[in-house]
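Chemist: Structure for this input, please:
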Amino acid sequence: ATGGLGEMRLHLAFLVFTLLAGLAFYELARRFTRRPLAASLLLVATPVFLVSSHGIMTDLPALAFSLSATAAFVRAVDGRRTCWFVTSGLLLALASLTQYRGLMLGPLLFGYAWLQGRQRVRAAAAVAPAFLTVGLWSLWNAHETGVWHLRDASSWIPFAPVRMMHDGAAYLTLLGGATLFPLFLLF
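Modeler: As a prediction, this is how the structure comes out:
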């Protein structure tokens, strides 16, 4: 896609995900807020987003696919259109293959449909491909390498209380910086 491994081209190519994340968030904000542009600008003004926006890590593609899957899913539940459920399922599968954390979005999306009291069967069918895709990927990976990637990918993470407290403090700091910093920009 970039004509080689030139660093500048890779960074520019990853800006597509920045744009996709911003547009998907705007679509979600349009549905749930009265000021979608302000909400979207707050997202793209956060330090985490600004730093990650041109990087070549999987964080922003996963965010872009997750937000796009969510926007398509909400549109599907609200409008009862099958094509949006299919689109959401494909985007959720991409988010889950980009980072396994994308799988956590599946139950949340299904919960949204459940709480809306609509389209529960289609909602389940929409989130199922992500789990199936990651499951098939894991089977293929185990067959090819002899390693269950999902299990081994988390084996290096120590779940000791000290580590969990350290990570919790880091996440709270990140959350505070990502939410409070844009508010200071407004004032």
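Chemist: pLDDT weak spots in this protein?
Modeler: 1-5, 150, 153-159, 172-187 (pLDDT under 70).
Chemist: all helices of it, in order?
Modeler: For the chain, the helices defined by DSSP state H cover 7-32, 36-45, 47-52, 59-79, 82-98, 105-116, 120-145, 149-153, 161-186.
Chemist: Could you export the ones you listed to JSON lines, including columns for mean neighbour count?
Modeler: Yep, even glycine has a C-beta here, placed from its N, CA and C like the rest. Formatted as JSON lines, the helices of the chain follow (neighbours: other C-beta atoms under 10 Å):
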{"stretch": "helix 7-32", "mean neighbour count": "16"}
{"stretch": "helix 36-45", "mean neighbour count": "16"}
{"stretch": "helix 47-52", "mean neighbour count": "15"}
{"stretch": "helix 59-79", "mean neighbour count": "23"}
{"stretch": "helix 82-98", "mean neighbour count": "21"}
{"stretch": "helix 105-116", "mean neighbour count": "17"}
{"stretch": "helix 120-145", "mean neighbour count": "15"}
{"stretch": "helix 149-153", "mean neighbour count": "13"}
{"stretch": "helix 161-186", "mean neighbour count": "11"}
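Chemist: got a list of what the residue lying closest to Phe14 once chain neighbours are set aside touches?
Modeler: Closest residue in space to Phe14, ignoring its immediate chain neighbours: Ile56 at 5.3 Å, by C-beta to C-beta, 6 or more residues apart in numbering. For Ile56, the contact set (C-beta atoms under 8 Å, 6 or more residues apart in numbering) comprises 10-11, 14.
Chemist: would JSON lines of those with distance to Tyr100 be doable?
Modeler: Shown next, in JSON lines, are the contacts of Ile56 (distance: C-beta to C-beta, whole Å):
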{"residue": "Leu10", "distance to Tyr100": "23"}
{"residue": "His11", "distance to Tyr100": "25"}
{"residue": "Phe14", "distance to Tyr100": "20"}
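Chemist: Trp137 touches Leu97, doesn't it?
Modeler: Yes: between Trp137 and Leu97 there is a contact at 6.6 Å, judged by C-beta atoms under 8 Å.
Chemist: distance of Leu20 from Leu136?
Modeler: Per C-beta to C-beta, to the nearest Å, Leu20 is found 25 Å from Leu136.
Chemist: Repeat that for Gly55.
Modeler: 29 Å.
Chemist: One more: Ala45?
Modeler: For Ala45 relative to Leu136 (C-beta to C-beta), the value is 39 Å.
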